[in-house]
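Student: Quick check, what structure comes out for this input:
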Amino acid sequence: MKKTTVLLVLTLIVASFCNAQEMTFKRHSFTGYTFYEDGNKLALNELIEKVETNAEVLHLVRSAKSKSIFATVISFSGGALIGWPIGEAISGGDPNWVLAGIGAGLAIVAIPLGSSANKDANKAVELYNATLNATSYKTFKPEYQVIANGTGIGLAMRF
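Tutor: Numbers count the residues shown, from 1 in each chain. Predicted coordinates:
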C-alpha cells in the first residue's frame, strides 16, 4: 500500500511539471505559411487532426486555408493579366492596357485577403497555445499537506 501511495504521489508531482508542445507559425512571403510544433513541420492534415478537438481553432485554421487559397488564385490571375500586355508590348504587338489595369486591381484585392488569412492563422496558433498553457504546470498549483490521525500519518495533495 505504501509503495502504491508513494508511486501515485511521485507520478502526480512529475505530471504537474509536464508541458504540452507549443505550436509556432512562420509566414512566407509568397508561399503562404507553415506551422511547426517543436521544430517539426506540420502538414495541414496533421494540423487539422491536432486541433480538431478545439472547434474555434479548427474554424480559424480552415478559414485561413480557404482565404489563403483564394488570395493566391486572385494574385496569380492578376499577375497574369499584368504580364500579358507587358509581354505583348515587349514583342512589338499592340498591348491591351485595360487587362493590365484589371490585373493590378486583382493584385490589390489579394493583399488584404492574404493578410486576413495570415491573421487567422496567427490567431489559431495563439489560441491553441493558450489552451495548452491553461492546462500546463504554470497553472497547476497543488497543495500538499501532512495529515496525522489516530491510525497514522499521511500525505494529502489537493489540486
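Student: mind checking how far residue 58 is from residue 79?
Tutor: Distance of residue 58 to residue 79, given as C-beta to C-beta, to the nearest Å: 32 Å. (C-beta placed from N, C-alpha, C; glycine too.)
Student: With residue 115 instead?
Tutor: For residue 115, the distance to residue 79 - C-beta to C-beta - is 18 Å.
Student: C-terminal to the helix ranked longest in the chain, what's the next element?
Tutor: Assignment by DSSP state H gives helix 97-134 as the longest helix of the chain. Next helix or strand after helix 97-134 toward the C-terminus (DSSP states H and E): strand 143-149.
Student: So what touches that next one?
Tutor: With C-beta atoms under 8 Å, 6 or more residues apart in numbering as the test, strand 143-149 has contacts from 153, 154, 155, 156, 157, 158, 159.
Student: Quick check: phi and psi on the first one?
Tutor: Backbone torsions of residue 153, given as degrees, to the nearest 10, read phi -120, psi 140.
Student: what does the third one give?
Tutor: Dihedral pair for residue 155: phi -120, psi 130, per degrees, to the nearest 10.
Student: again with the fourth one
Tutor: Dihedral pair for residue 156: phi -120, psi 140, per degrees, to the nearest 10.
Student: so how many other residues sit close to it?
Tutor: 11 (other C-beta atoms under 10 Å).
Student: Determine the number of other residues adjacent to the nearest residue to it once chain neighbours are set aside.
Tutor: Leaving aside its chain neighbours, residue 156 sits nearest to residue 145 (4.6 Å; criterion: C-beta to C-beta, 6 or more residues apart in numbering). Here the count is done by other C-beta under 10 Å, and residue 145 has 9 residues near it.
Student: and the host helix or strand of residue 36, which residues are buried?
Tutor: Element membership for residue 36, per DSSP H and E: strand 32-37. Neighbour-count burial for strand 32-37, counted by 16 or more other C-beta atoms under 10 Å, picks out 32, 33, 34, 35, 37.
Student: low pLDDT regions in the chain?
Tutor: For the chain, the stretches with pLDDT under 70 are 1, 5-23, 25-32, 133-141, 159.
Student: Centre-most residue in it?
Tutor: Compute the mean C-alpha point of the chain, and by C-alpha atoms, centre = their mean the closest residue is residue 125, 3.1 Å away.
Student: Pretty sure that one sits against residue 24.
Tutor: Yes. Taking contacts as C-beta atoms under 8 Å, residue 125 lies within contact range of residue 24: 6.8 Å.
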